[in-house]
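Undergrad: Here is a sequence together with a model predicted from it:
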Amino acid sequence: MIVVSDTSPILNLALIERLDLLLEMYQQVIIPPAVYEELTVSSSELPDLLDRTSRDWMLVVAPHDQGRLAALRKELDRGEAEAIVLATEWKADLLLIDERHGRKIAAACGVRITGLLGVLVEAKTKGLVDQVKPLFDELRYRAGFWVNQDLYLEILRKLGES
């Protein structure tokens with residue numbers, strides 16, 4: 001399975017010390033250089049954590065289509081644009097991306113997407129976590145990840161955790 005990721009899913013899982021879920025679920029995650037740069041400048045502790053936990057399964061690959069990248073950069077930040085171009089070039093099975101506008105553009109490009117919450121739901125479905133509520137709460141309160149309250153409650157209801 002080819003999985004490409006934008007910054008948010010990796011950053012937020014790293015902040016709650018659950019990057020292991022990406023490895024267990026996907027075995028390898030491809031990120032573009034802009035995402036790597038965003039991850040390594042966002043926190044003084046994060047580069048060390050990324051090196052220790054992901055050096056063998058997180059692959060940094062540059063997208064080639066500079067024209068398409070330039071067009072997407074008119075609407076998206078560099079990391080999102082590179083991730084979408086990379087996902088299309090590699091014919092990725094899945095793109096991990098949270099930002100709404102980026103998700104919309106990726107879907108319009110024919111890329112299958114999920115966000116961080118979808119990753120956690122899938123982790124529960126696969127039996128990698130017993131409950132997602134504690135992880136959702138850690139994301140919200142420890143990592144500062146914003147989740148719409150209605151969506152939060154709907155997901156917990158569907159998973160039988162409300």
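TA: Structure received. Numbers count the residues shown, from 1 in each chain.
Undergrad: For the biggest helix by length in the chain, which helices and strands make contact with it?
TA: If you go by DSSP state H, the chain has its longest helix at helix 78-89. Counting contacts by 3 or more Cβ pairs under 8 Å, 6 or more residues apart in numbering; DSSP states H and E, helix 78-89 packs against strand 3-5, helix 33-41, helix 66-73, strand 94-96, helix 100-108. C-beta here means a position set from N, CA and C on the backbone, and glycine is covered the same way.
Undergrad: how far away is Met1 from Pro9?
TA: 15 Å (Cβ to Cβ, to the nearest Å).
Undergrad: who has more neighbours, these two?
TA: Pro9 (27 against 9; other Cβ atoms under 10 Å).
Undergrad: Can you give me the neighbour number for the nearest residue to Leu72 once chain neighbours are set aside?
TA: Leaving aside its sequence neighbours, Leu72 sits nearest to Ala81 (Cβ to Cβ, 6 or more residues apart in numbering; 3.8 Å). Ala81 is flanked by 24 other residues according to other Cβ under 10 Å.
Undergrad: Spit out the contact partners of Ala81.
TA: Residues in contact with Ala81 (Cβ atoms under 8 Å, 6 or more residues apart in numbering) are Ala34, Leu69, Leu72, Arg73.
Undergrad: Just name the closest of those to Arg18, please.
TA: Arg18 has its nearest neighbour among the contacts of Ala81 in Ala34, at 23.1 Å by Cβ to Cβ.
Undergrad: List the residues that contact the closest one.
TA: With contact set as Cβ under 8 Å, 6+ apart, Ala34 has these partners: Asp77, Arg78, Gly79, Ala81, Glu82, Ala83.
Undergrad: List of residues touching stretch 154-162?
TA: Leu117, Val121, Lys124, Gln131, Val132, Lys133, Phe136, Leu153.
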